[in-house]
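> Just to be clear, the model below is a prediction. Sequence and coordinates:
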Amino acid sequence: MISKSHPLANFLKVTGNIYATTLQRVKEDSQARSKEDPTFSGITPETNHWFWNEQLPQLCNDEFYRKQVEVEIEELDMKAANIDRAMRNQMQVWETEKGSLEMKSERLKEILLESKKKLNLQEI
């Protein structure tokens, strides 16, 4: 079976018939929207709604497409976990840096305060 990347979800490899049907829907919805708004370009909210609420659920009834969706879910979850891990690592670095800066600032404040006290004592 020859497969093409789905026009709205490039992780899905679909048959030529599904690809053509989807592309036709994209074109028709876009043309209808551009009649209302001549400056419009791209995928319409109606097309996205149709894809997420009608076409994709229907495609998931087929094991071939369902497996592709499962693989995409795994990849998305893995990417999200990697980002979360990187954020936690970076947060730890920032917390360490912040703590170091605060300690230096407090020490400098103490030194400055002691110095001011000594100067006041000497002036008396």
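Thanks, I have the structure now.

> What residues sit buried inside stretch 30-37?
Within stretch 30-37, the residues that count as buried by 16 or more other C-beta atoms under 10 Å are 30, 33. C-beta: built from backbone N, CA, C; applies to glycine.

> Return it as CSV; C-alpha atoms alone will do.
Extracted in CSV, the C-alpha atoms of stretch 30-37 (Å, rounded to 0.1, in the frame of the first residue of the first chain):
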residue,chain,number,x,y,z
SER,A,30,-10.4,27.3,2.8
GLN,A,31,-12.2,28.5,-0.3
ALA,A,32,-15.4,29.0,1.6
ARG,A,33,-13.6,30.9,4.3
SER,A,34,-11.7,33.1,1.8
LYS,A,35,-15.1,34.2,0.3
GLU,A,36,-16.0,35.6,3.7
ASP,A,37,-12.5,36.9,4.4
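
> Go ahead and name everything in contact with it.
For stretch 30-37, contacts defined as C-beta atoms under 8 Å, 6 or more residues apart in numbering pick out 40-44, 46-47.

> of all the residues you listed, which comes closest to residue 75?
Closest approach to residue 75 among those (C-beta to C-beta): residue 43, at 21.9 Å.

> Helices along this protein, start to end?
Under the criterion DSSP state H, the chain contains helices at 16-36, 45-50, 56-59, 63-123.

> so which two of the contacts of stretch 30-37 are the farthest from each other?
Spanning the widest gap among the contacts of stretch 30-37 are 41 and 46, at 14.6 Å by C-beta to C-beta.

> I'd like to know which of the helices of the chain lies nearest to residue 10.
Residue 10 lies closest, by C-beta to C-beta, to one member of the helices of the chain: helix 63-123, at 10.0 Å.

> about what we covered before: which of residue 41 and residue 46 has more residues huddled nearby?
More neighbours surround residue 46 than the other of residue 41 and residue 46, with 14 against 10 (other C-beta atoms under 10 Å).
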